[in-house]
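Participant: how would this look folded up:
(chains A and B)
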Amino acid sequence: MASLKELVEFIAKSLVDDPSQVYVSEIEGETSVILELRVGPEDMGRVIGRGGRTANAMRTLVRVLAAKQGKRATLEIV
Amino acid sequence: MAEMEQAIEAAGADVEAAIAAGLARLGVDRDAVEIEVLDEGSRGVLGLGARAARVRLTPKLKAVPRPAPAAPAEPVAPPAVEPAEPAVEEKDEAEVSRVVLLELLELLGIEKARVDVRRAEPAPDEKAPPLVLDVRGSGVNVLVGYRGETLAALQHITRLIVGREMARRVHLVVDVDGFKARREKSLRRLAHRMAEQAVRTNRTVVLDPMPPHERRVIHLALRDHPWVTTQSIGEGNRRKVTIIPRRQ
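Facilitator: Okay, here's the model as predicted:
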């Protein structure tokens, strides 16, 4: 089964200049998952995007996969 | 050349194709780089569940740039894989886009999808038609989402990743089972129907909120209409098109 963490990791690593600083942690509840994405300070803009567009697009994709697993997911960029 | 020393990652249908793509980007020969296979990829069964191969190429210190970039087809990729390529760059962009999208689809748990790549027909008001990546297969309808929201997200992310891989902006559109093509047709019909109503009642017709590209379809459909003008009102995702009868 595809994992939420892998999805976020793949996207983030593909967008940043320094993939070695990409960390994703997953906090799982019974019906919900909280994903925390960390990237290097220089790369924040790349994963957030103009007006938060990239961050929101990632959230949308995360929700689609989570829904398949019967969960609600939130993605936070910290 | 400082950037010569940087390692790059490249993707392709198989390891050979990934290496070839990477070498083309660096503009060096195969013996000028260290090759590390990150993912061998998989062709899947009958073209299903295929995964991109990924490699990392690190230029060796005294990497000599390829003497003549015009020298075509270095024997890096077996010729059987790529028969008669019309334009190298064109093929590359299509292939990279397809591979990136397939990877995203797999991570989204959609493993049985196929991606057809084609160049859109040039529209009268566009200079360069986009590359259209149409996702087909079972279970792909979840990729559309409410008012195409998921599709827009998938397209945005695909564009960004391919753009980085190609090191330039790419003009590509992601569609699912021809959803966008159908939606555009029905939007144009809606535009004309509502224009007719605006004229008949001599009142402004306000449409439902739509995303930017859908509003654009309405504006374009009625651009040359003799009796109405269009205008968007509202903010953000509440923005909607109004169809206004022209004053006589």
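Participant: run through the strands of the chain in chain order.
Facilitator: The chain I'm using is chain A. With DSSP state E, the ranges of strands along chain A come out as A:23-28, A:32-38, A:72-77.
Participant: right idea, wrong chain: chain B
Facilitator: Going by DSSP E, chain B shows strands at B:8-12, B:33-39, B:53-59, B:114-119, B:131-136, B:172-176, B:205-209, B:228-233, B:240-245.
Participant: so what strands line up beside the second one?
Facilitator: In this case it means strand B:33-39. Note on strand B:33-39: by DSSP bridges, its sheet partners are strand B:53-59 (antiparallel).
Participant: what lies in contact with the strand it pairs with?
Facilitator: Here strand B:53-59 makes contact (CB atoms under 8 Å, 6 or more residues apart in numbering or on different chains) with B:4-15, B:17-19, B:22-23, B:26, B:28, B:32-41. For the C-beta atoms, the positions are set from N, CA and C on the backbone; glycine is no exception.
Participant: thinking again about what came up before, go through the strands of chain A and name the closest to residue A:54.
Facilitator: strand A:72-77 (9.7 Å; CB to CB).
Participant: is it possible to get a markdown table of the strands of chain A that adds mean neighbour count, mean pLDDT and distance to chain B?
Facilitator: Output for these, formatted as a markdown table (neighbours: other CB atoms under 10 Å in any protein chain shown; pLDDT from 0 to 100; distance: least, CB to the nearest CB, whole Å):
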| stretch | mean neighbour count | mean pLDDT | distance to chain B |
| --- | --- | --- | --- |
| strand A:23-28 | 14 | 94 | 12 |
| strand A:32-38 | 17 | 96 | 13 |
| strand A:72-77 | 17 | 95 | 12 |
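Participant: which one of the ones you listed lies nearest to residue B:187?
Facilitator: That would be, of the strands of chain A and by CB to CB, strand A:72-77, which comes in at 30.9 Å.
Participant: ok, the closest one: who's next to it in the sheet?
Facilitator: Counting by DSSP bridges, strand A:72-77 is paired with strand A:32-38 (parallel).
Participant: chain center to the partner strand: distance?
Facilitator: 7 Å (CA atoms, centre = their mean, to the nearest Å).
Participant: who's in contact with residue A:22?
Facilitator: Counting by CB under 8 Å, 6+ apart, residue A:22 has contacts A:9, A:12, A:13, A:16, A:37, A:38, A:39, A:40, A:43.
Participant: next: residue B:176.
Facilitator: Contacts of residue B:176 (CB under 8 Å, 6+ apart): B:134, B:135, B:136, B:140, B:141, B:143, B:144, B:151.
Participant: would you write a PyMOL line that selects the buried entries of these?
Facilitator: In PyMOL, a selection of the buried entries from those looks like this (16 or more other CB atoms under 10 Å in any protein chain shown):
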select buried, chain B and resi 134+135+140+143+144+151
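Participant: picking up where we left off before, can you flag the buried ones in the contacts of strand B:53-59?
Facilitator: B:4, B:8-15, B:17-19, B:22-23, B:26, B:28, B:32-33, B:41.
Participant: show me which residues of chain B are close to chain A?
Facilitator: Contacts of chain B with chain A, taken as CB under 8 Å from any CB of the partner chain, map to B:100, B:103-104, B:106-109, B:142-143, B:145, B:149-150, B:152-154, B:156-157, B:160-161, B:164-165.
Participant: dump the contacts of residue A:22 into a markdown table; add distance to residue B:195 as well.
Facilitator: A markdown table is the format used below for those (distance: CB to CB, whole Å):
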| residue | distance to residue B:195 |
| --- | --- |
| A:9 | 48 |
| A:12 | 45 |
| A:13 | 48 |
| A:16 | 47 |
| A:37 | 46 |
| A:38 | 51 |
| A:39 | 48 |
| A:40 | 52 |
| A:43 | 47 |
